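Novice: pasting the structure only:
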């Protein structure tokens, strides 16, 4: 079993839709959690951190459930520019990062 | 300021040849990472450098893979006797000293390696 698992998608949604991705992790000692975004043929970039209390950044909301060992990303009012692959990242130590395979999102007009 | 740079951007080689990939991290970043990303796959951790500490080589898939870093600057990833399964994008990332907290990793554009 992979340490970090994501539904690869693709998720195809119309503009304005709300879409949610989940990511599960297997190592209960995991300490920090993040979502990275990767555009086609580009490098990954940090989208947002995920805190136990949940956090929101504009149209994006990230949540962590330590008991069930999953994190989620919710995108509201999706835009065409949100089309990308969303990578779930879990760390045990600050330098020990494990990336999920990513969930591909396509937002259509 | 300048971001992480990698060279070459594309490399096509024949099976059995050696290749060397280069990464220039952001100035002042003491941590440097190499990842491999096969087509349609996630990032696979290869190796991590932090200052003068011994590198974490736990992700290197075989002894054909090696990496070096000169101080806190340039790093090279070498793949000897390349195989077709080595074809992938090799991504380098750097971050500030990891210490006790997480430091965001900044990625380079990657080197796309194709082994014929």
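Specialist: Yep, it's here. Just so it is clear, the model here is predicted, and its values are computed rather than measured. Numbering: from 1, shown residues only, chains lettered A, B, ... in the order given.

Novice: every contact and neighbour count from this point should use C-alpha atoms.
Specialist: Will do.

Novice: find the residue at the geometric middle of chain B.
Specialist: Nearest to the geometric centre of chain B sits residue B:34, at 2.9 Å (CA atoms, centre = their mean).

Novice: in chain B, where is pLDDT below threshold?
Specialist: Residue ranges of chain B with pLDDT under 70: B:1, B:97-102.

Novice: and for the residue in it that chain A sits nearest to, nearest residue in space, chain neighbours not counted?
Specialist: Across chain B, the shortest distance to chain A (CA to the nearest CA) belongs to residue B:42, at 3.4 Å. The spatially closest residue to residue B:42, leaving aside those adjacent along the chain, is residue A:101, at 3.4 Å (CA to CA, 6 or more residues apart in numbering or on different chains).

Novice: also residue B:10?
Specialist: residue B:112 (4.7 Å).

Novice: correct me, but the one you found touches residue B:6?
Specialist: No. Taking contacts as CA atoms under 8 Å, residue B:112 lies outside contact range of residue B:6: 10.3 Å.

Novice: same drill for those two, tell me which one is more crowded.
Specialist: Each of residue B:112 and residue B:6 has its neighbours counted (other CA atoms under 10 Å in any protein chain shown); residue B:6 has more, 24 against 21.

Novice: and whatever residue of chain A ends up closest to chain B, how many neighbours?
Specialist: Nearest to chain B, among the residues of chain A, is residue A:101, at 3.4 Å (CA to the nearest CA). A count of nearby residues for residue A:101, using other CA under 10 Å, gives 23.

Novice: also residue A:31?
Specialist: With other CA under 10 Å as criterion, residue A:31 counts 13.

Novice: show me the contacts for the nearest residue to it once chain neighbours are set aside.
Specialist: For residue A:31, ignoring the flanking residues on the chain, the nearest one in space by CA to CA, 6+ apart is residue A:92 at 5.1 Å. Residues near residue A:92 by CA atoms under 8 Å, 6 or more residues apart in numbering or on different chains: A:29-32.

Novice: ok, of those, which come out buried?
Specialist: A:30, A:32 (16 or more other CA atoms under 10 Å in any protein chain shown).

Novice: so which of the contacts of residue A:92 belong to strands?
Specialist: residue A:32 (DSSP state E).

Novice: now do the helix or strand of chain A with the lowest mean pLDDT: everything it contacts.
Specialist: When each helix and strand of chain A is scored by mean pLDDT, DSSP states H and E, strand A:97-99 comes last, with a mean of 82. Here strand A:97-99 makes contact (CA under 8 Å, 6+ apart) with A:3-4, A:87-91, B:42-45.

Novice: please apply the same query to stretch B:68-78.
Specialist: Applying CA under 8 Å, 6+ apart, the contact partners of stretch B:68-78 are B:18-25, B:27-31, B:34, B:49, B:51-52, B:64-67.

Novice: buried residues, that stretch. List them.
Specialist: Those would be B:69, B:72-78, for stretch B:68-78 by 16+ other CA under 10 Å.
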